[in-house]
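Student: Let me see the structure of the following:
(2 chains)
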Amino acid sequence: MSLHKAVKKLYLGLILFFLYAPILVLMVFSFNASRSRANWEGFTLDWYRVLFNDPQIALALRNTLLIGVFSTVIATAIGTLAAVGIDKMKRRPKAVVMGISRIPVMMPDIVTGLSLMVLYLFVIRTLGIGRMGFTTLLLSHVMFNVPYVILSVIPKLRQIDANLYEAALDLGATPLRAFVQVILPEIWPGVITGAMLAFTLSIDDFMVSFFTTGAGVQNLSILIFSMARRGVQPQINALSTLMFLVILAMLFIIHKRDQRQAKKIKV
Amino acid sequence: MKRLFAYPYILWMGIFIVVPLLLVVYYSVTATGPDGNTVFTFDHFRRFFAPITPGMDQPLRERIFVSVALRSIRLALQSTGICLLLGYPVAYIMTRKEYSEKSVLLFMLLVPMWMNFLLRTYAWLTILERNGLVNQLLTRLGLPMIDILYTDAAVLLGMVYNFLPFMILPIYTSLKKMDPRLIEAAQDLGAGGVSVFMRVVFPLSLPGVISGITMVFMPGAATFIISNLLGGQQYFLLGNLVEMQFLNVGDWHFGSAIAVIMMLLMVASMVILSLFDKGENQGRSTII
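Tutor: Take a look at the predicted model:
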């Protein structure tokens, strides 16, 4: 029995080692005194200093965060309203709308990216105005984020008592007020889940951004990709180490909070 | 009328989901004729399946694009298989753990996904390259070096690495829902370990297995980054082919045709998988 347990532990350990090995390598080499990717030549914090003085990375980070925040806010607003509307649609049109909404979730990123690029360039060439850049990047991120918000909110709407909204209206609330004060609090956990998903997807996206950005507008993923061809600079390792630690801390706090709540429910 | 809330989205959906796909389909079946007019044609699809003579001195005619597609499918299938073999035991071990250990493990599986996907893949270069960490270790141990970077093996490893959590999580979710008393019941009725697994555990986890397969196969068959970074610039999968047609060659028509073929591949795999899923659901409803 204990051998059995040891084998299981060893197996889990190996799988986790496999998943974490590249991350450890990245982190360790962010403190490497040499530029080399594979040879350890002593400890340094130089790359962290270089990082904070690198305008290209600062700009890419700014773009990533701006697109992440804006696309999350817009997608959450569109997605939440859409979910409320879709929930009340008749069966057949509802199935059609939900089916189409699932396309960006199921479709490979590369197809999403190139189809949006075709759309933008088609419009730009036909009308002869505008160009690819920050706006097209933002629109694309909203586009692939909205379905995730809808899919997170819909299940919460199903749990609501339909009479609550009617009751609010009967008591004299305007539809908007009834929505904000009655429906929104009920579906809030779903809205937050959707928004968090959207933000994560936006920050991590490369493929769609790669196809739909214009000259000179880079986010971190695109910058990393263009660097990868001639060697990623160690300050990127430093940046990802920092980002990773920030996210880890945030996740850890959320996780602890969830655990406390779960315990309370158990008791 | 809450239904009105959906209308702005329906307009949005039309512009950003339906129209782009229709445009891709449109480009895939049209070409600019000699007189400058747009004509309807299946030539791009024909070109995809046609054999190409590589050079004058090479009489061998090869179906280059088809072989790229087959390689994509093969690697995606292999990575799906490996992920299933590696991931199922992980999910199974996890379900049998205590609650607190379970949530820690789940957390540890999710955390790597929060680091930039490109960087995680790129880090494998450091590990796998000729003077990389694996070879340094092997040399120190007096073993022969391995040179797998820029081969199928490296791309496969990258796929397994990136997609393994997508296999583990859905299987874990469906195993978690399983009533442990079912296993006890099967054991009481005299079933051995293998038979309990094959006839009780595995069938009940099938929905998770199927969504895991979908979540590993589809991004694997369409990957661009993994093959680009770990396979090298000369390494082609369907994703690299599409990217090249759109961003380097600028042939939207042929690129769109390849994209349509990719989408058909995805739809076909989903249809095939849903057949299994349906059968399972019906089976379960008759049990309960």
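Student: residues of the strand or helix carrying B:M167 that come out buried?
Tutor: If you go by DSSP states H and E, B:M167 is part of helix B:152-177. Counting neighbours by 16 or more other Cβ atoms under 10 Å in any protein chain shown, one finds that the buried residues in helix B:152-177 are B:152, B:154-175. Quick note: C-beta positions are derived from backbone N, CA and C, even for glycine.
Student: Is it positioned near chain A?
Tutor: Yes - under the criterion of Cβ under 8 Å from any Cβ of the partner chain, helix B:152-177 makes contact with chain A via B:161, B:164-165.
Student: quick one: the helix or strand B:A185 falls within near chain A?
Tutor: With elements delineated by DSSP H and E, B:A185 resides in helix B:180-188, which encompasses its position. No - looking at helix B:180-188 against chain A by Cβ under 8 Å from any Cβ, there are no contacts, and the closest approach is 15.7 Å.
Student: Okay, angle between the host helix or strand of A:A6 and helix B:152-177 too, please.
Tutor: Taking DSSP H and E as the definition, A:A6 sits inside helix A:2-29. In this structure, helix A:2-29 runs at an angle of 130 degrees to helix B:152-177, with axes from the mean of the first three to the mean of the last three Cα atoms, to 10 degrees as the basis.
Student: Let me see the contact set for whichever residue of the stretch 151-288 of chain B sits closest to chain A.
Tutor: Scanning the stretch 151-288 of chain B for proximity to chain A using Cβ to the nearest Cβ identifies B:A222 as nearest, at 3.2 Å. Under the criterion of Cβ atoms under 8 Å, 6 or more residues apart in numbering or on different chains, the contact partners of B:A222 comprise A:108-111, B:72, B:238-239, B:262, B:266.
Student: In space, what's closest to it - neighbours in sequence excluded?
Tutor: Ranked by Cβ to Cβ, 6 or more residues apart in numbering or on different chains and with sequence neighbours excluded, the top spatial neighbour of B:A222 is A:P108, at 3.2 Å.
Student: Sketch out the helices for the stretch 101-250 of chain A, chain order is fine.
Tutor: A:109-127, A:134-159, A:162-170, A:175-178, A:184-204, A:207-212, A:220-228, A:234-266 (DSSP state H, counting those that start in this stretch).
Student: Ok, which of the ones you listed comes nearest A:L66?
Tutor: Comparison of the helices of the stretch 101-250 of chain A against A:L66 by Cβ to Cβ identifies helix A:134-159 as nearest, at 8.2 Å.
Student: tell me which residues in that closest one are buried?
Tutor: Of the residues in helix A:134-159, those buried under the neighbour-count criterion (16+ other Cβ under 10 Å) are A:134, A:136-154, A:156-157.
Student: Same question for stretch B:219-239.
Tutor: Of the residues in stretch B:219-239, those buried by neighbour count under the rule 16+ other Cβ under 10 Å are B:219-231, B:235-239.
Student: gap between the two ends of it?
Tutor: 10 Å (Cα to Cα, to the nearest Å).
Student: Off-centre distance for that stretch?
Tutor: Its chain's C-alpha centre lies 12 Å from the corresponding centre of stretch B:219-239 when counted by Cα atoms, centre = their mean, to the nearest Å.
Student: what is the mean pLDDT for that stretch?
Tutor: Along stretch B:219-239, the predicted confidence averages to a pLDDT of 93.
Student: next one: stretch A:30-45
Tutor: Stretch A:30-45 carries an average pLDDT of 83.
Student: Determine whether any part of the next helix or strand after the helix holding B:A185 lies close to chain A.
Tutor: Next helix or strand after helix B:180-188 toward the C-terminus (DSSP H and E): helix B:193-196. No - under the criterion of Cβ under 8 Å from any Cβ, helix B:193-196 makes no contact with chain A; the nearest approach is 11.3 Å.
Student: How about helix B:193-196, which residues are buried there?
Tutor: Using 16+ other Cβ under 10 Å as the burial criterion, the residues of helix B:193-196 that qualify are B:V196.
Student: Give the next helix or strand downstream of it.
Tutor: For helix B:193-196, the succeeding helix or strand toward the C-terminus, using DSSP H and E, is helix B:202-221.
Student: in what helix or strand does the residue of the stretch 1-150 of chain A found nearest chain B lie?
Tutor: Closest approach between the stretch 1-150 of chain A and chain B, counting by Cβ to the nearest Cβ: A:G85, at 2.6 Å. Element membership for A:G85 (DSSP H and E) is helix A:55-87.
Student: which non-adjacent residue is nearest residue 191?
Tutor: By default, I'm working from chain A. According to Cβ to Cβ, 6+ apart, the nearest residue to A:V191 is A:T80 (5.4 Å).
Student: looking at chain B here, not the other one
Tutor: The shortest distance from B:A191 to any residue other than its chain neighbours is 6.9 Å, reached at B:R199 (Cβ to Cβ, 6+ apart).
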